[in-house]
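*Asks:* model this:
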Amino acid sequence: MSLTRRNLLKGIAASSAAAATVAATGGLSTSLAADQVAAAAGLNGKKPNLLIIFPDEMRAQAQGFMGQDPSMTPHLNKFASQGVVLRQAVSNYPLCTPFRGMLMTGQYPYRNGLQGNSHTGTAGNFGGRDFGIELKKSAVTWSDILKKQGYSMGYIGKWHLDVPEEPFITSYNNPMEGRHWNDWTAPDRRHGFDFWYSYGTYDLHMTPMYWTNDTPRDKPLKINQWSPEHEADIAIKYLRNENGKYRDNSKPFTLVVSMNPPHSPYDQVPQKYLDRYKGETSESLNTRPNVHWDKEYQEGYGPKYFKEYMAMVNGVDEQFGRIVDELDRLNLAEDTLVVFFSDHGCCMGSNGHPTKNVHYEESMRVPMIFRWPGKLAPRHDDILFSAPDIYPTLLGLMGLESLIPDTVEGSNFAKTVATGKGDTRPTSQFYTFMPYGGQSYGKRGVRTERYTLSIDRKIGKPLNYVLHDNKQDPYQMVNIAEGNMALVNQLIEEELIPWLEHTGDPWRATEVPANSAKAYT
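*Replies:* Numbers count the residues shown, from 1 in each chain. Now for the predicted structure:
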């Protein structure tokens, strides 16, 4: 990881409320002057538009151009040929709310407090509400910064950053498995987004619901249309902005389109996308050798829904293409940075896991593509890019590096995206999972260019080590930790402990022998 003194001081500053003031810093990589980035991107003093489109639960392997899943993604394939593809991007805590927290704050979960999903608990089981797991009003998000820079700000789709409050609204997800998931977001919690067409978390994709600027909490809109298609319709209206209905045409704009599919339930997909896989079955499509077909999965999950997952991916690709094509038709392409990514992947039975929140590649690896015609030369890059890096890299590319707050723990890789060189590249990516209320426990690990290490700490039990050689064993089917403890300890010392120190994480990387002054505590 190679932390410098500057980075350590940055980590210390991030734990202080005083650090919320705007300062010039770029994270773990070598910082760039704002004018250098602007010159690389060709800004010429003009504020660019920003369009972010991100589905939920779409793994990197589902991008057709990656040549892994049998995906039909012609629009993403075209987009990738026009942009900078970061092939090794990961979701460091591959779960909805933690990723969204890292995206919005540029911080890792221990620091920003978003250490699990935002939902209520059940009798005898904690939930996010018990520990205040929601995006804080005081957080300095990238959207707050762009709003202050005069941007029109739009958000469409899934938010999942607020805890549902009583009296709970009537909703499919309220309750679900005894927990309440869905709620509106009050205007003072929207972090600069002035056009709002969103919901908390709601999974009936064929009949979605939304709150807008004009809908009160108890009267959400109910829509009879597949959610990605409806959200693409609204996004296109926002881009066209006829009669100035959606935004101020005199200002640059930022638009986020957060689609829920290909998130479960997987049967919530229009028949036309399933028909494109006519004659295929989940078994014929899901040929990864690490898929466990004989395991019993919770109803509605597991590899037998892979065909539906592929159909959803195809549908998301089609709606993504509609939005980008409209942007291009409106001659906004050269003025707009477009970014596509996902909050995490989905195992679909790989290594016996139904969805996400594990260290496996199918869970952690996510799409990450930046397109800006005339500014970013199309290419692929294998930089070890992490979720908190999105925030500072966006601002860096947009010529706003000097506004990146010192609270941000991610790295500004704008020069890497713009030119392919110039930044100090990370040697690993942090992996984390925290049980509710147990920040000193759970899993921590690292992913390097070759290895993935995950260590599980449970109360009263010895540490459990999992180590995969991703070059020799790309499907991570063999745990080689037991015979390679020297390598495990090297990864702990050189990679994991610096990450723990940088993020202020209290989790311990080793056992603590009684007479060991060297043990990390």
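*Asks:* ok, now how distant is the residue most central in space within the chain from Met364?
*Replies:* When C-alpha atoms, centre = their mean is applied to the chain, the residue found nearest the centroid is Asp343 (3.0 Å). Applying C-beta to C-beta, to the nearest Å, the value for Asp343 to Met364 is 11 Å. In this view, the C-beta of every residue, glycine as well, is placed from N, C-alpha and C.
*Asks:* joint contacts of these two?
*Replies:* Common contacts of Asp343 and Met364 (C-beta atoms under 8 Å, 6 or more residues apart in numbering): Ser91, Pro94.
*Asks:* what number of residues lie near the nearest residue to the residue nearest to the centre of the chain once chain neighbours are set aside?
*Replies:* Once flanking residues are discounted, Asp343 sits nearest to Phe99: 4.0 Å by C-beta to C-beta, 6 or more residues apart in numbering. Counted by other C-beta atoms under 10 Å, the residues lying close to Phe99 total 27.
*Asks:* then the one 10 residues further on?
*Replies:* Residue crowding around Pro109 was assessed by other C-beta under 10 Å; the count is 28.
*Asks:* that one reaches Gln115, doesn't it?
*Replies:* Yes - using C-beta atoms under 8 Å, Pro109 is in contact with Gln115, at 4.7 Å.
*Asks:* anything in contact with each of those two?
*Replies:* Taking C-beta under 8 Å, 6+ apart as the criterion, Pro109 and Gln115 both touch Tyr93, Pro98, Met434.
*Asks:* how about the strands in the stretch 351-500 of the chain?
*Replies:* Secondary structure of the stretch 351-500 of the chain by DSSP state E, counting those that start in this stretch: the strands cover 368-371, 379-381, 429-433, 442-447, 451-457, 464-469.
*Asks:* hmm, I was thinking of the chain
*Replies:* 49-54, 84-86, 152-158, 195-199, 209-212, 221-222, 253-258, 336-341, 368-371, 379-381, 429-433, 442-447, 451-457, 464-469 (DSSP state E).
*Asks:* so which of those comes closest to Thr393?
*Replies:* Thr393 lies closest to strand 368-371 among the strands of the chain, at 8.2 Å (C-beta to C-beta).
*Asks:* the closest one pairs with which strands, and in what direction?
*Replies:* Under the criterion DSSP bridges, strand 368-371 sits next to strand 84-86 (antiparallel), strand 336-341 (antiparallel) in its sheet.
*Asks:* show the average pLDDT along it.
*Replies:* The pLDDT scores in strand 368-371 average 98.
*Asks:* from Arg508, how far out is Leu496?
*Replies:* 10 Å.
*Asks:* now do Pro252
*Replies:* 46 Å.
*Asks:* same check, this time on Val313
*Replies:* For Val313, the distance to Arg508 - C-beta to C-beta - is 39 Å.
*Asks:* same thing with Ser350?
*Replies:* Distance, Ser350 to Arg508, by C-beta to C-beta: 30 Å.
*Asks:* ok, now Arg189?
*Replies:* Arg189 is 35 Å from Arg508, by C-beta to C-beta.
*Asks:* so what's the spatially closest residue to Pro208 that is not a sequence neighbour up against?
*Replies:* Closest residue to Pro208 apart from its sequence neighbours, by C-beta to C-beta, 6+ apart: Ser227 at 4.0 Å. Taking C-beta under 8 Å, 6+ apart as the criterion, Ser227 is in contact with Gly157, His205, Met206, Pro208, Met259, Asn260, Pro261.
*Asks:* repeat for Val446
*Replies:* For Val446, the contacting residues are Ser428, Gln429, Phe430, Tyr431, Thr452, Leu453, Leu491, Glu495, Leu496, Trp499, by C-beta under 8 Å, 6+ apart.
*Asks:* switch to 6 Å and redo it
*Replies:* Neighbouring residues of Val446 by C-beta atoms under 6 Å, 6 or more residues apart in numbering: Ser428, Leu453, Leu491, Glu495, Leu496.
*Asks:* out of the residues you listed, what pair is the most spread apart?
*Replies:* Of all the pairs that the contacts of Val446 form, the one spanning the most space (C-beta to C-beta) is Ser428 and Leu453, at 9.0 Å.
*Asks:* looking at the residue lying closest to Ser342 once chain neighbours are set aside now. What's its pLDDT?
*Replies:* Leaving aside its sequence neighbours, Ser342 sits nearest to Met58 (C-beta to C-beta, 6+ apart; 4.0 Å). At Met58, the model reports a pLDDT of 98.
*Asks:* ok, Met58 - how many residues close by?
*Replies:* 30.
*Asks:* list the contacts of the residue lying closest to Trp181 once chain neighbours are set aside.
*Replies:* Using C-beta to C-beta, 6+ apart and skipping residues adjacent in sequence, the residue nearest Trp181 is Asn173, 3.7 Å away. By C-beta under 6 Å, 6+ apart, the residues touching Asn173 are Trp181, Asn182, Tyr202.
*Asks:* taking those one by one, which sit in helices?
*Replies:* Residues of these located in helices (DSSP state H): none.
*Asks:* show me which helix runs longest in this protein.
*Replies:* The chain, longest helix under DSSP H: helix 306-329.
*Asks:* before we move on, the earlier item: I'd say the residue nearest to Asp343 and Asn92 touch.
*Replies:* No - contact criterion C-beta atoms under 6 Å: Phe99 and Asn92 do not qualify, at 8.0 Å.
*Asks:* between those two, which contacts overlap?
*Replies:* Listed as contacting both Phe99 and Asn92 by C-beta under 6 Å, 6+ apart are Ala387.
*Asks:* bridged to the closest residue to Phe195 other than its chain neighbours, which residues?
*Replies:* Nearest residue to Phe195, sequence neighbours excluded (C-beta to C-beta, 6+ apart): Gly154, at 3.8 Å. With DSSP bridges as the criterion, Gly154 is bridged to Phe195, Leu255.
*Asks:* ok, Gly154 touching Tyr238?
*Replies:* Yes - counting by C-beta under 6 Å, Gly154 touches Tyr238, with 5.3 Å between them.
*Asks:* of Leu496 and Arg508, who's got more company?
*Replies:* Leu496 (26 against 18).
*Asks:* remind me which residues of this structure are low pLDDT?
*Replies:* 2-45, 123, 511-521 (pLDDT under 70).
*Asks:* which residues touch Arg365?
*Replies:* By C-beta under 6 Å, 6+ apart, the neighbours of Arg365 are Ala60, Val90, Gly345.
*Asks:* again, but for Pro70
*Replies:* Counting by C-beta under 6 Å, 6+ apart, Pro70 has contacts Leu285.
*Asks:* what do you get if the cut-off is 7 Å, keeping everything else the same?
*Replies:* When contacts are counted by C-beta atoms under 7 Å, 6 or more residues apart in numbering, Pro70 touches Leu285, Met310.
*Asks:* what about it, distance to Arg288?
*Replies:* In terms of C-beta to C-beta, Pro70 sits 11 Å off from Arg288.
*Asks:* quick one on the thing from earlier: need the residues touching each of Gly154 and Tyr238.
*Replies:* Joint contacts of Gly154 and Tyr238 (C-beta under 7 Å, 6+ apart) are Phe195, Tyr246, Arg247, Leu255.
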